[in-house]
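>>> take a look and give me a structure for this.
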Amino acid sequence: MDFRLKVFYTVALRLNFTKAATELYITQPAVSKHIQELEEAYKTKLFERNGSKIALTPAGHILLKHTKDIFEIYREIDFEMSSFISERQGLLRLGASTTISQYVISPVLARFHQKQKDIKVNLLNGNTEQIENALINKEIEIGIVEGQSKNQSIKYIPFLKDELVLVCSNKNPFAKQNEISINDLRSMKFITRERGSGTLEVIEYALKNLNLKLSDLQIEMQLGSTESIKSYLLNSDCFAFMSIHAVGNELKNKELIVLDVENLTIDRYFYIITLLGKSDPLSELFIQNISSHYNLKL
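The predicted model follows:
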C-alpha cells in the first residue's frame, strides 16, 4: 500500500494537517512532504489552502474517491487471503449511533472479539445521520443505527428492540403522578437530542400520531449526547424521552423515574446497516457472528 495515499486519505477526511499527523504518528512536515510528492506526481493541486483552513480541489475529490476504492480492495485482499491460515484477519470499520455506542455495542464487540481475535475493529461514533453518511461515503463497512426514516441505498436489518420512555428526576414535582396526559406534555420543559439524531426522529414520528409536533413542546435545550441529557435532568425539573437501555443504572438507583404517558408507547428497533447490493465478507462475518445471539432475520 502506498503510504502517501494513506496520508492523503487521512488529511482529506480530517481537513487538518495537524490532526492527520497525530492520527498517523508522524510529524506535520512529513504529512506536508507526502502531499507535496503526490501533487508533483499528478501535476495538480489536491488541496486549496486558505490560511489555516484547507479544502479538497476537484482533483482531490477524484483522488479521494479512488483511494477509498483502493483501500476497500486491500481490506478484502487481507481478509480473504487470511482464510488460507487458521485465523481470520483484517480490519472492520464499524459505525454506531450515540445510544448504541454508549450502551449496547460493547458486549456485542466483546463477543465478536472472543471468536475472531485477529480481526481489528475501528468504531466510529456519531448520530444516525452521520453514521449513514459515513456508510454511503465508504468510511465504514457496517453500521448500527436508530431512527425512523430509511435511505433507499442502504439495507436495514432489525437488530435489537428498544423502547423510548419519558423520564425525569425523582425530585421532579411530576414524579409522583401515576400517568401523564397528552395535554400535560405541552406544559412540560424538555431536553432533546440534536437534529440528525435517530432518537429525536422517532420521538417526532410518535408525537405526530397524537397530533403533536415537536414545536408544540417547550424545548429548553438540545444536547448532543445522552449522558449530558441525563446529567441535565438530574439537576433540573425538565423531562426527556430516552432509550430504556440508556437509563438502566439511573432507574435502578432511583435517580430517574419513568412516567407513563396516556396512549403513548414508543417502540423501535436498532438496525444493522450495510450498503444495498454491496457484499463485504468481513461485514457478513460480523453479522453471522451476532445473528445467533440476537436471532437476526437475515
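>>> mean pLDDT per element in this protein, and the minimum belongs to which helix or strand?
Least confident element among the helices and strands of the chain, by mean pLDDT, DSSP states H and E: helix 281-294 (a mean of 79).
>>> so how far is F3 from the residue nearest to L24 when sequence neighbours are not counted?
Nearest non-adjacent residue to L24, counting by Cβ to Cβ, 6 or more residues apart in numbering: T10, 5.8 Å away. All C-beta spots, glycine's among them, are computed from the backbone N, C-alpha and C. According to Cβ to Cβ, to the nearest Å, T10 stands 10 Å off from F3.
>>> tell me which of the two has more neighbours.
When neighbours are counted by other Cβ atoms under 10 Å, T10 comes out ahead of the other of T10 and F3, with 20 against 10.
>>> before we move on, the earlier item: got the phi/psi numbers for the residue nearest to L24?
phi -70, psi -40 (degrees, to the nearest 10).
>>> show the pLDDT at it.
For T10, the pLDDT comes out at 93.
>>> and for D69?
88.
>>> how about the one 5 residues further on?
In this prediction, Y74 carries a pLDDT score of 84.
>>> gap between the closest residue to R14 other than its chain neighbours and V121?
Once flanking residues are discounted, R14 sits nearest to A20: 5.1 Å by Cβ to Cβ, 6+ apart. Separation of A20 from V121 (Cβ to Cβ): 22 Å.
>>> neighbour-wise, which of those two wins?
A20 (24 against 17).
>>> any regions of the stretch 151-298 of the chain where pLDDT drops low?
By pLDDT under 70, the low-scoring segments of the stretch 151-298 of the chain are 292-298.
>>> list the contacts of the residue nearest to D216 when sequence neighbours are not counted.
Once flanking residues are discounted, D216 sits nearest to R186: 6.0 Å by Cβ to Cβ, 6+ apart. By Cβ atoms under 8 Å, 6 or more residues apart in numbering, the residues touching R186 are 212, 216-218.
>>> in strands, which of those fall?
Q218 (DSSP state E).
>>> got the contact list for the most centrally placed residue in the chain?
A centroid search over the chain (Cα atoms, centre = their mean) returns S97, at 2.7 Å, as the residue closest to the centre. Contacts here follow Cβ under 8 Å, 6+ apart; on that basis S97 touches 125-128, 130-131, 143-147, 197-198.
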